Each structure stands twice: as C-alpha cells, then as structure tokens.
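Engineer: A predicted structure for the sequence below; I have some questions about it.
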Amino acid sequence: MKLRTSPVFVEGPMPLIAPAVMFLSLFFLVPLGYVVWMSLSQPVIGLQNFGRLLNSSLFASVLYSTFKTALLVTLLSLLFAYPLAYAAANGSKRFATFLLTVVALSFWTSYLVRTYAWMVILGNQGPVTALLSWLGWDPAPKILFTTFSATLAMTHALIPFMTMSLFAVMKRIDPLYVRAAENLGAHPLRAFVSVYLPLSAPGIVNGCTLVFITCLGFYVMPVLLGSPRDQMIAGIIGDQIEQTLDFGLGSAISIVLLALTLAVYAVYNRFFGLDRLWAGGDR
Amino acid sequence: MNVWIRSLAILIAAFVAAPMFIVIPMSFSSAASLAFPPPGYTLQNYVNFFSDPNWTQPLTNSLLIGLGTVCMTMLVAVPASFALVRHVFIGRTVFNLLIMLPMIVPTIVMAIGYYIYFGQLRLVQSYLGVILAHSCIALPMSTLILTAALKGFDRSVERAAMNLGASPFTTFRLITFPILRPAFTVAGLFAFIASFDEAVIGLFISGRDKATLPRQMFNAVRQEADPTISAASSFLFLLVLAGVCIWLAPQLVRRRTRLLGQTDGNGAAQPAAATS
C-alpha cells in the first residue's frame, strides 16, 4: 500500500506559498515600491529629493539627534533591563513570575496609554513638577515636550523588549559555570564579569539591536512627548504627509530611514544570522 | 540571590509598572486638564467614552478592523507556516524573509506607502484598507508562532489517521487542527492585538469616520482638549491588567495544588506535579 506522505490537502508547497506571496506582493511590496518610486519621481524624475536632503543642515541635525536618542535609549534600557532579567532568570520561581508579570503588563499596554500616563506625570500640573517646586526649584523646569521626556518615555516603553531578549538567553545559562568559577576562588563580581556577562552577551546584542531599530523608526512617543524643535526622523516623515504634503521628500526621507534600518539588520545578519534575532525574543 | 540585586530588581519593576497606574485615578478626574492629583472625582469620562460617538465609533471600528485582520492574517499565515515547516523548496529562505519583511520595515515608511497606494486604489478611509495594512504588520509574528508550534507537532498521528482511511481534509479537521488549536488561538490573538494597538498606519489612512481607537487617542493626546482620553486609557490598561491576571491565575493555582499535594505525602504529590 502506498503511504500518503503529504497530509495537508496538496502534494507540492506551491498552493501553500501562493497566498502569502500574492498578498505580500500586492499589499506590501507594491506600496513599498511606491515609496521608492515617489522619492525618485516627485515632482520630477531624478535624484533631486535626495540632493535636497544631502544639502539640508536641518535633515543632518534630525539624523544626528535620531541616532543620539536611539543610542541613549538603547543603553538606558539595557541598564534597567539587565538587573531585571538577571533577577528573573536566577531568582526563585515566585520572584521570577512576579517580575515577568510586571514586564508583560508594560509590554501589552498600548503606547498611547503609556504616552498619556507620561503626559500626566511630567505635565506642568503633574506630580513631578509639584515635587520639584516643593523642593524649592522655582519656577520648576519644563519637562514635558523636551528631548528628555521623549527619551524617558521611550526607554520605559522599550525596557520590556530588552528584558525579554536578555531573559531568553539568561534562562539557558547553566548556574554551574558561575559556581565553578567561585569554587575556583573567583570573587563573585569577577565570576560575573568573566563568566556570566560573556555568556549573556547574545541576549545583549539581540536586545540592543531590536531596541535600537525600534527607536530609529519610533513615531508616536517622540511626536507626542518630544520637543517640536528637536524631532526624530519618523516625525518629519509624518510632517511631510500631514502638513507640507511633499510626498517626494517624505518618501526620500523614508528611504533613508529604511536604508539605515536595513543596514543595522545587515550587520546583525552578517555576524549572528537573522533567524536568531526573533527566535529568542518570544513575545 | 543577593539581597541588593533583589531590591534593585524590585525598584526597576516599580519604575516599569508604576507610571501606567496613574491612568486609573486620572480617569475619575472631574478636571478637563491633566492636573494630578485630580481636584474632584466623577464617572463622566467613562460615560463619555461609552456614549460619545467620537469615542464609541473608533472603538467599534477598531474591534471590526481587529477581527478582519485576524481572518486575513490567518488565511495567509496558516498555509505559509505549513509550507515553511513541512516542505523544502527552492526559494524557501527568500520566502521566509518576505514573510518577515513587514517586521523589518519601519511602520512610518509603510504609512506613507499606503497613503499613496491606497489613495489611488480608493482604499483610504475604508475598513478594507486598514485591514490589509494591519494584516501585513501582524503576519510575521503570527507566522512565527504557528511555525514554532508546527515544528513540535508529531506527524505520526496524521499518518495514523490517513492509514485508517481518513482523507487529508478529514485528517486536518479531526486531528491536525484540534492539536494545534492553542497555537492558532495565540496567533489569532496576536494578530488582533497588533491591529488593535497599531497607531501609525491607522493615523494616516483610517480617516475621520473610519478612525481607529489609537488614532482617536493620538489626536486627543495631541490636542489635550478631550479628557475622555483618560477613561479610554484606563479602560485599555485595565483590559491588559485583567488579561495578565487571567494568564497568571492558572500558574498560581497550579502552585497551590502542588503545595497541597506535598503536604498530602508523596502519592498525592506525583499527579499534581505531573500536570504542571
């Protein structure tokens, strides 16, 4: 008797692949192609949109501040997330459940809810301003709508991403390695620095890559909480769509953002392989 | 573990959790401004949220768009994940990369693309346009969840069913689907949440009368005029809080039974441990 080996509906994979290929071509690749085409054809065919960006000192400063903010948010969220992930991976099961619940709570809460929360907390009628003026800082400094408030909110929003990337790797580190180092006479700090830290490095790289890339293209929080004079790149793309209606320039800026993002992915892929990036970061 | 690390972790956890809880007292505030602590308390914000069409319409829109996104995403993600796990074919790596691409390309880039493309197709300010765009966004994560589940699937049960004479369709309906149902549910849930929480594309292409809830919230935050945003935020946050508690509850119950099992002696502890 002949065994039927392909149990689902069909013999070849073509009918299984076709829906995704058709769907993504029509509703993802074509609109993406439109962005490329618009950047090269609006208002006239040529590279003049990119020329304008290249000569614009404003765009250079936006790029600079986007990179600076993304880097700062990445480092800060690593600083906050590392102890959190460490405690969750090495603590008792109850403690770990508690910490991961807190992370999940933040992770699943909409960016807009968190943005609104920060507007209340940092606003000029909010608790932070009240605390500062109570401490005698008068008049209290303007905190909301500054680069500081946007950086703080983005760091807070991305700590869960970082924690999950770190935790996924730390959970698999055998505690025997650190114990062995300590048995051989290493100070706990030394054992951490020369044994645990290198073993957790893949998680650090994954988390930093994900957070940095997310931050490069972040729209909601920088626009709503940041300084209008110190925008990030996604914000000025939005301005082109909403205010100046300059789709050629908006598309060209989008292509720059896309190229930067792809460059980060390419570097990651070159050294670590892309499939590992999401494998650990189980949402 | 070191008490210092424990305390540090608790402090950081407080920093992660605490800011969001401020939306709960704010939602009962009687002031139109962002004053905290609120000068007085009222339920008016919730009344507005559930009765003002400026808010009920976006909520309904977001629910409908979310459900549409789930259907659309699953129609594409399920076959794709079967192809990725069960077949070796030329261009498999490229296919995998294509599926993951929406996660790589920044959403704001796609927003401008959809704005132009759907403008030409007359899909701006339509449910269908938002659903199609959100399905692209949801596809990578849903496919990842499905492929992960499929990799752990024991195909011998399918072969057994077919050997006993079941057709491929019957096998899928009676064997494959029931076994994979949890993964289907999770993948669908992810697609729904990806759509329900998506702000950027919704902001640019949903338009006024098909506005999604995130779009309405974005505008309310930007204009700082409508205090109903506090009730919307609190509602969404409480929903997540409830979801996390429901997810947590079985784990707590399991631990309780295990503890009870241990006091009963070894014989009772065994089955309790086996279920965990």
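Structural biologist: Arrived safely.
Engineer: going forward, measure contacts and count neighbours with C-alpha atoms only.
Structural biologist: Noted.
Engineer: so where's chain B shaky on pLDDT?
Structural biologist: B:1, B:255-276 (pLDDT under 70).
Engineer: what is the three-state secondary structure of the most centrally placed residue in it?
Structural biologist: By CA atoms, centre = their mean, chain B has its centre lying nearest to residue B:193, at 2.5 Å. Classification of residue B:193 by DSSP: H, G, I helix; E, B strand; the rest coil places it in helix.
Engineer: if we ignore the residues flanking it in sequence, what's nearest it?
Structural biologist: Leaving aside its sequence neighbours, residue B:193 sits nearest to residue B:66 (CA to CA, 6 or more residues apart in numbering or on different chains; 7.3 Å).
Engineer: show me the helices in the stretch 1-150 of chain A, by range?
Structural biologist: For the stretch 1-150 of chain A, applying DSSP state H, counting those that start in this stretch gives helices covering A:14-24, A:30-41, A:48-55, A:57-90, A:93-108, A:111-122, A:127-134, A:147-170.
Engineer: quick one: the third one to chain centroid distance?
Structural biologist: Here helix A:48-55 is found 27 Å from its chain centre; the criterion is CA atoms, centre = their mean, to the nearest Å.
Engineer: same check, this time on the second one
Structural biologist: Helix A:30-41 has its average C-alpha position 25 Å from the chain's average C-alpha position, going by CA atoms, centre = their mean.
Engineer: the last one now?
Structural biologist: Using CA atoms, centre = their mean, we find the averaged C-alpha position of helix A:147-170 to lie 8 Å away from the chain's own average C-alpha position.
Engineer: is any residue of it near chain B?
Structural biologist: Yes - counting by CA under 8 Å from any CA of the partner chain, contacts between helix A:147-170 and chain B involve A:156, A:159.
Engineer: counting by contacts, list what that helix packs against.
Structural biologist: helix A:57-90, helix A:93-108, helix A:111-122, helix A:197-216, helix A:220-225, helix A:275-280 (3 or more CA pairs under 8 Å, 6 or more residues apart in numbering or on different chains; DSSP states H and E).
Engineer: with the longest one instead?
Structural biologist: Under the contact criterion of 3+ CA pairs under 8 Å, 6+ apart, helix A:57-90 touches helix A:48-55, helix A:93-108, helix A:147-170, helix A:197-216, helix A:233-239, helix B:3-21.
Engineer: and with 6 Å instead?
Structural biologist: helix A:147-170, helix A:197-216 (3 or more CA pairs under 6 Å, 6 or more residues apart in numbering or on different chains; DSSP states H and E).
Engineer: what's the distance between residue A:276 and chain B?
Structural biologist: According to CA to the nearest CA, to the nearest Å, residue A:276 and chain B sit 12 Å apart.
Engineer: next, the contact list for the closest residue to residue B:36 other than its chain neighbours, please.
Structural biologist: Take residue B:36 and drop its neighbours on the chain: the residue closest to it by CA to CA, 6+ apart is residue A:126, 5.0 Å away. Residues near residue A:126 by CA atoms under 6 Å, 6 or more residues apart in numbering or on different chains: A:120, B:35-36.
Engineer: report pLDDT for residue A:126.
Structural biologist: Listed pLDDT for residue A:126 reads 89.
Engineer: that older thread, export the helices and strands packed on helix A:147-170 to JSON lines and tack on mean neighbour count, mean pLDDT and distance to residue A:242?
Structural biologist: Output for those, formatted as JSON lines (neighbours: other CA atoms under 10 Å in any protein chain shown; pLDDT from 0 to 100; distance: least, CA to CA, whole Å):
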{"stretch": "helix A:57-90", "mean neighbour count": "20", "mean pLDDT": "96", "distance to residue A:242": "18"}
{"stretch": "helix A:93-108", "mean neighbour count": "19", "mean pLDDT": "94", "distance to residue A:242": "29"}
{"stretch": "helix A:111-122", "mean neighbour count": "24", "mean pLDDT": "95", "distance to residue A:242": "19"}
{"stretch": "helix A:197-216", "mean neighbour count": "21", "mean pLDDT": "95", "distance to residue A:242": "20"}
{"stretch": "helix A:220-225", "mean neighbour count": "24", "mean pLDDT": "95", "distance to residue A:242": "13"}
{"stretch": "helix A:275-280", "mean neighbour count": "15", "mean pLDDT": "67", "distance to residue A:242": "33"}
